[in-house]
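Visitor: got a sequence here, can you model it:
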Amino acid sequence: MNAVIQSTSAAPYLRAITASKRARWEIDHDVLRGRSLEQEHKYLPDGLSLAHTLAFLSESEQRFMSQVQGRSYANIFGLVERFINAKVLELSQHHWFGEQAALEALVRFSDEELKHQELFRRVEQLAARGMPEGYRFLPDPNDVARVVLERSTWAVLALTCHIELFTLAHYKRSIEPDASLSPLFKDVLMFHWKEESQHAVLDELEWLREDEALSSAERTKAVDDLLALVTAVDGILQLQAAADAGYFADHLKRRLSDTELASVKATFLRAYRYQYIGSGIEQTRFPEILFGLVGDLESTRIQAALGPLL
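Guide: Sure, this is the predicted structure:
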């Protein structure tokens with residue numbers, strides 16, 4: 001009987017291992033292949049960048065806006081994978097002397113996250129070669145990781161699951177269907193998506209395992225932590241959106257009017273809030289998982305906190 005229970009608990013981790021082996025890729029051989037980022041193409045689709053909503057921008061200006069956002073998109077993923085990897089390594093200790101399939105799945109997860117960080121560092125280097133000087137990515141990945149990891153494991157796993165799920169939604173709904181994107185940037189996100197697909201499964205498994213150990217009071221505190229993390233994420237988005245809007249405006253071949261500049265700033269922030277908060281709520285099963293774990297009171301509290309950001 002014990003063997004059957006162990007086999008059942010191991011099954012989703014074994015599937016993740018199989019998927020990891022099948023999806024395995026290398027940065028230079030499979031993704032970059034000696035290519036450079038093409039300046040004549042968009043990096044992010046209109047559905048994510050929202051550049052098309054600014055009718056006063058020319059086609060080339062909208063393309064540049066998507067490139068600025070795409071550069072920050074790569075940097076933000078490199079940032080979040082810093083704390084995700086640290087949490088995954090921490091979680092692996094719960095399986096050291098238990099289900100070895102779970103341990104292997106998490107070790108593979110960690111290895112892939114380290115590779116993704118390197119991939120996005122390389123993308124930043126490629127973007128810097130083709131774009132004007134002056135771009136700044138303001139958040140420090142280590143500082144952010146330290147702040148995030150101070151919060152409860154439940155909250156960190158909730159945030160991580162949200163990130164992995166919206167990553168999948170972005171690629172399948174917006175990026176894959178858009179033939180106008182930079183082929184290299186699109187390939188970067190496609191290969192990233194391939195490995196994130198099983199990461200989302202592992203996030204949910206570990207989140208549910210963590211939830212089972214919590215008391216009602218501990219879960220309430222965990223929701224507090226999650227809301228604090230969402231507030232921190234929004235703070236990062238506001239900071240980077242302002243920097244990116246300024247960089248974008250400074251490198252146009254014309255000067256924007258005050259009204260146009262205000263619209264550009266508002267659109268950068270609206271796009272970033274949608275990319276990193278709203279899309280995960282609207283386009284994934286994250287709310288189903290989250291609200292299935294918390295009671296009505298906590299659900300109402302979460303919805304009230306998210307409302308102004310959506």
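Visitor: now the helices: where do they sit in the stretch 201-310 of the chain?
Guide: Remark: helices assigned in the stretch 201-310 of the chain by DSSP state H, counting those that start in this stretch are 216-250, 258-273, 279-282, 286-293, 296-306.
Visitor: return the most buried member of the ones you listed.
Guide: helix 279-282 (a mean of 20; mean count of other CB atoms under 10 Å). C-beta here means a position set from N, CA and C on the backbone, and glycine is covered the same way.
Visitor: could you export the helices of the stretch 201-310 of the chain as TSV, including distance to Ser72 and mean pLDDT?
Guide: Shown next, in TSV, are the helices of the stretch 201-310 of the chain (distance: least, CB to CB, whole Å; pLDDT from 0 to 100):
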stretch	distance to Ser72	mean pLDDT
helix 216-250	6	98
helix 258-273	8	98
helix 279-282	15	96
helix 286-293	22	97
helix 296-306	22	95
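Visitor: could these be laid out in TSV, adding distance to Arg136?
Guide: Shown next, in TSV, are the helices of the stretch 201-310 of the chain (distance: least, CB to CB, whole Å):
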stretch	distance to Arg136
helix 216-250	6
helix 258-273	14
helix 279-282	25
helix 286-293	31
helix 296-306	28
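Visitor: ok, which of those comes nearest Leu57?
Guide: When these are compared by CB to CB, helix 258-273 sits nearest Leu57, at 8.1 Å.
Visitor: what is the closest one packed up against?
Guide: Applying 3 or more CB pairs under 8 Å, 6 or more residues apart in numbering; DSSP states H and E, we find helix 258-273 packed against helix 59-92, helix 216-250.
Visitor: 7 Å - rerun?
Guide: helix 216-250 (3 or more CB pairs under 7 Å, 6 or more residues apart in numbering; DSSP states H and E).
Visitor: could you check the angle the helix it packs on makes with helix 258-273?
Guide: 140 degrees (axes from the mean of the first three to the mean of the last three CA atoms, to 10 degrees).
Visitor: for Leu306, give me its contacts.
Guide: Shown in contact with Leu306 (CB atoms under 7 Å, 6 or more residues apart in numbering): Ile281.
Visitor: any idea which helix or strand carries Lys194?
Guide: Using DSSP states H and E, Lys194 sits within helix 183-212.
Visitor: packing partners of that helix?
Guide: On a contact count with 3+ CB pairs under 7 Å, 6+ apart, helix 183-212 meets helix 2-23, helix 100-130, helix 153-169.
Visitor: how about a cut-off of 8 Å?
Guide: Helix 183-212 packs on helix 2-23, helix 59-92, helix 100-130, helix 153-169, helix 286-293, going by 3+ CB pairs under 8 Å, 6+ apart.
Visitor: Gly34: neighbour count?
Guide: 5 (other CB atoms under 10 Å).
Visitor: nope, Asn142 is what I meant
Guide: 12.
Visitor: sorry, back to before: ok, which of the helices and strands packed on helix 183-212 comes nearest Val147?
Guide: Closest among the helices and strands packed on helix 183-212, using CB to CB: helix 59-92, at 8.6 Å.
Visitor: the closest one to helix 100-130, inter-axis angle?
Guide: 150 degrees.
Visitor: give the buried residues for helix 59-92.
Guide: Within helix 59-92, the residues scored as buried using 16 or more other CB atoms under 10 Å are 61-88, 91-92.
Visitor: ok, now stretch 144-152?
Guide: Neighbour-count burial for stretch 144-152 [16+ other CB under 10 Å]: 144-145, 148, 151-152.
Visitor: what residues are up against the most centrally placed residue in the chain?
Guide: The structure's the chain has its C-alpha centroid closest to Ile163; by CA atoms, centre = their mean the separation is 4.2 Å. Ile163 is in contact with 80, 84, 276, 280, counting by CB atoms under 8 Å, 6 or more residues apart in numbering.
Visitor: can you rerun that using 7 Å?
Guide: Val80.
Visitor: repeat for the one 10 residues further on
Guide: Neighbouring residues of Arg173 by CB under 7 Å, 6+ apart: Gln283.
Visitor: I'd like the distance between it and Gln283.
Guide: 6 Å (CB to CB, to the nearest Å).
Visitor: next: Lys221.
Guide: 29 Å.
Visitor: swap in Glu99?
Guide: According to CB to CB, Glu99 stands 32 Å off from Gln283.
Visitor: CA-only coordinates of stretch 270-284 in PDB, if you can.
Guide: This file holds the C-alpha atoms of stretch 270-284, laid out as PDB (Å, rounded to 0.1, in the frame of the first residue of the first chain):
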ATOM      1  CA  ARG A 270      -0.600  50.500 -18.000                       C
ATOM      2  CA  ALA A 271       1.300  48.000 -20.200                       C
ATOM      3  CA  TYR A 272       3.600  46.900 -17.400                       C
ATOM      4  CA  ARG A 273       0.700  46.400 -15.000                       C
ATOM      5  CA  TYR A 274      -1.100  44.400 -17.600                       C
ATOM      6  CA  GLN A 275       2.000  42.300 -18.500                       C
ATOM      7  CA  TYR A 276       3.000  41.400 -14.900                       C
ATOM      8  CA  ILE A 277      -0.200  41.600 -12.900                       C
ATOM      9  CA  GLY A 278      -3.400  41.800 -15.000                       C
ATOM     10  CA  SER A 279      -2.700  39.200 -17.600                       C
ATOM     11  CA  GLY A 280      -2.100  36.600 -14.900                       C
ATOM     12  CA  ILE A 281      -5.500  37.300 -13.400                       C
ATOM     13  CA  GLU A 282      -7.400  37.600 -16.700                       C
ATOM     14  CA  GLN A 283      -5.800  34.900 -18.900                       C
ATOM     15  CA  THR A 284      -4.700  32.000 -16.600                       C
END
